[in-house]
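Peer 1: no sequence on this one, just coordinates:
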């Protein structure tokens, strides 16, 4: 069962409930719509089968999607499935395209002649559990072009496009969750990993964007220049990306929001490693990024940018790894509860202290030491965000350790929350 249809069909949540109550004082226009479930097995299947069970599966994803209509579910067994042409495979309507195995084992690959891999046209469509690989196009979105829907638990790898080498979203409302986007390229524009087009909305959560590059801005992630674009990053890692325009790792344009993210080892050949304009960043860590021009910085926050409870540290000049500027701002930038290493900005309410991570060499581990000045140093309620006991950090740990303790229940600065009691620097303990 999928939903009730017709002039007298219920609306809202009742539309998809199997049991409903109706007053039958006249002939009603209502019918039950059932969504087909089709099965694909590239090893044992055939597109001459009916595909309605694992006993008679189809052999191609394209054939199954064609039979699923606008509401069906397609289940795909492990194997490599190559697009039959340069045209992307379309996932329309409310169709659910779901892998039946580890995501590394179920591969959707572009045609040998190139082209985009997937195009999600349905607002409520779902693609879950695949490796999406090898997409190459002169248009946008080499791996996946989104006009809506959800991409969940996918690997998007080795794809290239003009913009959004891995994923390009042109959706009013879309979600990317639990994904890894890596080794993707924007050949003539922004967002090697992910690009959000102007006037649209995209949430990326619990995902990693790494080893991507762009000829323009946002080597890893970019929201294309717009005063109303809304890109939201939650609990994401953006690392080892390279760009030449604004933001080697990420370009956060107007309306963008960032929560509990790590930006590390990103490089910009000409500009700042992380760029934000009229965007907001909460409880994030921006560390060990590199710039190729000493006139810029690890983070460039301007034109109304707001940065809260965030660490910026360890920026280097990429030709020789010498120390570089961590932060550039203008008079409209707001910094509160932040820790900017080796910089003093008292008029911004900044905390002037050295950051202390678990790895003092800033090579890998950016969790906090017990003696870090970032521990219990943030602001619990700020700019409409009020942390609760249910909130979590980048690792999924409680965002505030000992939340109910009035003395210790203070949010840490950065993307990680220390999960043990704070050790006061200089305090000596003797355990017998």
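Peer 2: On my side now, so go ahead. Since this is a predicted model, take the numbers as computed values, not measurements.

Peer 1: any low-confidence regions in this protein?
Peer 2: Within the chain, the segments meeting pLDDT under 70 span 1-3, 33-34, 225-229, 342-355, 406, 422-432.

Peer 1: which residues in it form helices?
Peer 2: Taking DSSP state H as the criterion, the chain carries its helices at 61-68.

Peer 1: residue nearest the centroid of it?
Peer 2: residue 204 (2.8 Å; C-alpha atoms, centre = their mean).

Peer 1: surely residue 323 is in contact with residue 317?
Peer 2: Yes. In this structure, residue 323 is within contact of residue 317 by C-beta atoms under 8 Å, at 7.5 Å. C-beta coordinates here come from the backbone N, C-alpha and C atoms, glycine included.

Peer 1: my read is that residue 116 contacts residue 161, right?
Peer 2: Yes. Assessed by C-beta under 8 Å, residue 116 is found in contact with residue 161 at 7.5 Å.

Peer 1: identify the contacts common to the two.
Peer 2: Residues within reach of residue 116 and of residue 161 at once, by C-beta atoms under 8 Å, 6 or more residues apart in numbering, are 135, 137, 139, 141, 142.

Peer 1: returning to what we had before: of residue 116 and residue 161, give the one with the bigger neighbour count.
Peer 2: residue 161 (29 against 26; other C-beta atoms under 10 Å).

Peer 1: got a list of what the more buried one touches?
Peer 2: Residue 161 sits next to 116, 135-142, 168, 185-187 when contact means C-beta under 8 Å, 6+ apart.

Peer 1: distance of it from residue 245?
Peer 2: Applying C-beta to C-beta, to the nearest Å, the value for residue 161 to residue 245 is 16 Å.

Peer 1: same deal with residue 166?
Peer 2: 18 Å.

Peer 1: compare those two (neighbour count), which wins?
Peer 2: The neighbour count for residue 166 versus residue 245, taken as other C-beta under 10 Å, is higher for residue 166 (37 against 21).

Peer 1: torsion angles phi and psi at the more buried one?
Peer 2: phi -90, psi -60 (degrees, to the nearest 10).

Peer 1: correct me if wrong: it contacts residue 181.
Peer 2: Yes. Counting by C-beta under 8 Å, residue 181 is a contact partner of residue 166 at 4.0 Å.

Peer 1: what is in contact with the two at once?
Peer 2: 143, 156, 157, 193, 194, 209, 212.

Peer 1: quick one on the thing from earlier: quick one, which of the contacts of residue 161 are buried?
Peer 2: 116, 135, 136, 137, 140, 141, 142, 168, 185, 186, 187 (16 or more other C-beta atoms under 10 Å).

Peer 1: out of those, the closest to residue 249 would be?
Peer 2: residue 186 (13.2 Å; C-beta to C-beta).

Peer 1: for residue 145, see how far away that closest one is.
Peer 2: 14 Å.

Peer 1: now the common contact residues for these two.
Peer 2: Counting by C-beta under 8 Å, 6+ apart, the shared contacts of residue 186 and residue 145 are residue 164.

Peer 1: please tell me how far the nearest residue to residue 46 once chain neighbours are set aside sits from residue 100.
Peer 2: Nearest residue to residue 46 in three dimensions, chain neighbours excluded: residue 59, at 5.3 Å (C-beta to C-beta, 6 or more residues apart in numbering). In this view, residue 59 and residue 100 are 15 Å apart by C-beta to C-beta.
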